[in-house]
Each structure stands twice: as C-alpha cells, then as structure tokens.
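1. Following is a predicted model, sequence given first.
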Amino acid sequence: MNVQVIADPAGRLIWASPALPGARHDAGAVRKHAIPATWAAADVTTFADAAHIGAGSAIRAPFRRLRRDPASHLFTRRELSAGQKAVNTSISQMRAPGERADAELKSWRLLRKIRSSPAHTACLVNAVRILIRNS
C-alpha cells in the first residue's frame, strides 16, 4: 500500500491520503491524489524527498548525484556543487519534522502488518492519525 501524508511545520500529521494498492512510486501517488496541482493552485511550496523529483513545480526536492548520459543511456555519478549541497541540506532540515511524523505513523504495528483492502487502510490510517494527535 502507498499512503501519502502531509505534516505541518511542527511535525503533526494533518492529512493522510487514501491508500493506493500495490507498489506505487511516490511521485505517481502524489499525482494520482492531485497534490502538486492543489499546492500550485494554492500558491504553496512544499519540500519532499528525492522520490518526488519531477512531481510538480510546487514540490521542491533535493538535487541528485546521478544523471542519465543521453549518449549511452547509462547513469553516471557527478559531484554536486557547493550551492546544490547547501540546498539539499536546507531541504533536509525543513523536511525533518515531516519525517518524524511519518516515522511516528509507521511505528504503529497495526499499519505495518495490515492485510486488508485499501479502503479499510485509509480508515485505519486516519484513526491512527487522530489517536496520535490526541495523545
């Protein structure tokens, strides 16, 4: 299952998406839930991990060290500039509260061992989100 979550700057979970079945890439999942379009329409910028590169203009992701060589279609390593490293550090610092919120959600065994339909998963994730908020 793939569930996308949004946390506020204090690290509190404020939204959990409906669960998508199967192995779904994060960038595809956020597009499926129209998250990039919603952020862009609201003129909000958010910060995400490298799995969200290319998901939309409102989502800022870190620079990657791999790049595809157009001639050979192979991935080659390149060093990041000092400016790119500084941007990656800043993005990591801004993402830290959200990562803590995500880790707190994943710490619930119920969600790690779930074997039900995606519709039930969304209900369980939201119930755990409410329990976390009220604790």
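-> That came in fine, so what should we check first?

2. What distance do you get for L124 to R109?
-> 12 Å (CB to CB, to the nearest Å). (Glycine included, C-beta is placed from N, CA and C.)

3. Looking at those two, which is more packed in?
-> L124 (17 against 8; other CB atoms under 10 Å).

4. Does the more buried one touch L111 like I think?
-> Yes. In this structure, L124 is within contact of L111 by CB atoms under 8 Å, at 6.5 Å.

5. Spit out the residues that contact these two alike.
-> Between them, L124 and L111 share no contacting residue under CB atoms under 8 Å, 6 or more residues apart in numbering.

6. Identify all contacting residues around stretch 35-54.
-> 4, 6, 17, 25-27, 30, 55-62, 64, 91, 94-95, 98.

7. From start to finish, how long is that stretch in a straight line?
-> Terminal residues of stretch 35-54 are spaced 13 Å apart (CA to CA, to the nearest Å).

8. Measure how far it is from the centre of its chain, please.
-> 10 Å (CA atoms, centre = their mean, to the nearest Å).

9. Then stretch 54-69?
-> 13 Å.

10. what comes up buried for that stretch?
-> Neighbour-count burial for stretch 54-69, counted by 16 or more other CB atoms under 10 Å, picks out 55-56, 58-63.

11. Please apply the same query to stretch 33-41.
-> So, applying 16+ other CB under 10 Å, buried residues of stretch 33-41: 33, 35-36, 39.

12. What of stretch 117-135?
-> Buried, per 16+ other CB under 10 Å, within stretch 117-135: 121-122, 124-125, 128-129.

13. Name the weakest-confidence residue in these, if you would.
-> Across the buried residues of stretch 117-135, the bottom pLDDT score, 78, is held by A122.

14. my read: that residue touches L20, true?
-> No. If you go by CB under 8 Å, A122 and L20 don't touch, sitting 9.7 Å apart.
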